[in-house]
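> I would like the atomic coordinates for the input below:
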Amino acid sequence: MPTIAERGRPARTADPAELYDVAILGRHLAGGLLAAVLAAQGIRVLLIGAPEDRTEPAGETTVPYTAEVFLLLAKRFGVPEIAAFGLFRDLPEQVRARSGVKGSLGFLYHRAGRPQDPAETVQFHVPGEHGEWHPYRPVTDEYAVELAGRYGAALVPGAVTVADADADGSGAWVKAEDGTAYRARFVVDCCGGSAPLVRRHGGLDAQPRLAHRSTVYTAHLAGVPPFEQVVPPARTRRRSTRNSPWSLGTVHHIVDGGWLQEVHFDNHKDSRNPTVSVTLSLDPGSDLAADLPDDPGRAFFRVINRYPDLARQFGAARVARDWLAEPVYQRTAAVTTGERWFALERSAGRNDMFLSRDVTMTGELVHALAGTLINAVRTDDYSITPFERVARFQTDLADYNDRLLAAARTACRDFQLWNAFTRVWLLWQILADLSLKRARLDAEAGQNGDWSTVEQFEGGGLWFPTPRGLRELLDRTLTNFDDVRLGLIGPQAAADRVFAELRRSPMVPPLYAFGNPSARVYRFTFPKRLRMLWWTKTSAPEDFRRLLTRDNVTSVTSASSR
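Numbering: from 1, shown residues only. You can find the predicted model right below:
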């Protein structure tokens, strides 16, 4: 049966005379997805753009866990097209043609003045049944908005942005830059730095409530060859230990004091986008960030020219989207909810766009707010308490992400410490993906529409049932990075501790070899799947067995499934 979107219902133009249930400020991925979900549930939605929709830097990578969050949104709220945001092959052609594929996560450690050492690399391959990708945000965001329109959201014309908005106990109002005023029962502000609801209700914190700090330079470049053309991958006798081409996935160049994330949109045969996204994130207190030119392009090249192979790779690059620079990238809002308003995603705060957390958290936050908003509209009860619960979750999720980023920054000091960090991060991602999938399948199988298993928001970063001990394992291993940052232990000793923890933990399947520092290329091959099955049936912890069933490990739902 065709969906509403497939039937081609034309988007409604916003009407100043109408009283909307929810007004959403921000025409991008978060605003578009939330509008689509609410409209699909019969909510009267107004969607208007914000001044920085096209200039605010945003995440451009996904991981399997991201895909599972999108699939949850699609299944729970009846918008099957959202599943395609986690499955590249199912996206519309115009989105795929401008975006890139993602077959791996690659990490290359660089030392100033020296060629990159192939022995200081790590690469994790995405299982073949997945469809991770590099969203080209101008096209991806517009598709999310288009989807919202097809499901019935009323759209303010794209060239018109919000000028001001506010809310109180009686409702909300939105004023567009052309002077038109709109009314709603509730308003969601996801504008970004200019967020009018944040500005009117406490503003931004003078010092962000985050431990991580970064100076960020970002742009889209053309004329950037794949790194594997600059430095051919080392060959090994065994195919399973060979790196695949770096550019077929997300590339992370790690240096002491920061990282450079490289995202290719030009890495598949149907691409019509010859650009590469680069995001350079530096510790503001490091030598790398000291005395850099004010011009962001010159500052970028001042940094990468310290590393011979990066200098060769980017030497002929041309700017395709202007450089953006932020001396301190982080921000947090002092207040994020009040009577009939909520500050979501980029309006509530911002942190580094690293390891796919930006796109992933967008989906997580849309899911958390959507259920609460739908219930409020249907019951005509906009009491603040349920929204305060979502606001606390948003803060806890940001804090969890912040701790991971702080650990990553510390791990940059030494390759072995970075090597250890990647294993902790990947273990969390794998188990979060499998746990969320299990929780979703269980909820779908229920008869009473109970989604409470995916609303355990008091758990912060783990907001659904996970194997016993995972939270404690993550806390213990991340504490090692805290100890390095505090000078209580050296990088090598901390790395040894992490690898030892992973070797003895019963929740790390032996085939992963996460406790082996030398196992730096990971492919989930068919023999490994068989070994996983044997481990599951013989010695896996009890609560792992429901995660490692056939449907939970191999089932990837197509967006075309109804």
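
> can I assume Arg321 sits in a strand?
Yes: under DSSP: H, G, I helix; E, B strand; the rest coil, Arg321 falls within a strand.

> how close does it sit to Arg497?
42 Å (C-beta to C-beta, to the nearest Å). The way it works is simple: take the backbone N, C-alpha and C, and place the C-beta from them, glycine included.

> ok, Thr275 next?
41 Å.

> could I get stretch 458-476 in PDB with only the CA atoms?
Extracted in PDB, the C-alpha atoms of stretch 458-476 (Å, rounded to 0.1, in the frame of the first residue of the first chain):
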ATOM      1  CA  GLU A 458      16.700   8.200  32.900                       C
ATOM      2  CA  GLY A 459      19.400   6.000  31.500                       C
ATOM      3  CA  GLY A 460      20.900   8.900  29.500                       C
ATOM      4  CA  GLY A 461      23.000   7.500  26.700                       C
ATOM      5  CA  LEU A 462      21.600   4.000  27.200                       C
ATOM      6  CA  TRP A 463      17.900   4.600  27.100                       C
ATOM      7  CA  PHE A 464      16.800   1.100  26.400                       C
ATOM      8  CA  PRO A 465      17.600  -2.300  28.000                       C
ATOM      9  CA  THR A 466      21.200  -3.400  27.500                       C
ATOM     10  CA  PRO A 467      23.300  -6.400  28.700                       C
ATOM     11  CA  ARG A 468      24.000  -6.300  32.400                       C
ATOM     12  CA  GLY A 469      27.400  -4.700  33.100                       C
ATOM     13  CA  LEU A 470      27.700  -2.700  29.900                       C
ATOM     14  CA  ARG A 471      27.200   0.600  31.600                       C
ATOM     15  CA  GLU A 472      29.700  -0.300  34.300                       C
ATOM     16  CA  LEU A 473      32.200  -1.500  31.700                       C
ATOM     17  CA  LEU A 474      32.000   1.700  29.800                       C
ATOM     18  CA  ASP A 475      32.400   3.700  33.000                       C
ATOM     19  CA  ARG A 476      35.500   1.800  34.100                       C
END
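
> how far off centre is that stretch?
Distance, stretch centre to chain centre, for stretch 458-476: 19 Å (C-alpha atoms, centre = their mean, to the nearest Å).

> may I see the buried residues of it?
Neighbour counts over stretch 458-476 (16 or more other C-beta atoms under 10 Å) mark Gly459, Gly460, Gly461, Leu462, Trp463, Phe464, Pro465, Thr466, Pro467, Leu470, Leu473, Leu474 as buried.

> just the mean pLDDT for that stretch, thanks.
The average pLDDT within stretch 458-476 is 93.

> which other residues reach that stretch?
The contact list for stretch 458-476 (C-beta atoms under 8 Å, 6 or more residues apart in numbering) reads 364, 368, 392-393, 396-397, 399-401, 424, 427-428, 431-432, 435-436, 438-439, 453-457, 501, 505-507, 541, 543-544, 547.

> pull out the buried residues from the residues you listed.
For the contacts of stretch 458-476, a burial check counting by 16+ other C-beta under 10 Å picks out 364, 368, 393, 396-397, 400-401, 424, 427-428, 431-432, 435-436, 438-439, 453-455, 457, 501, 505, 507, 543-544, 547.
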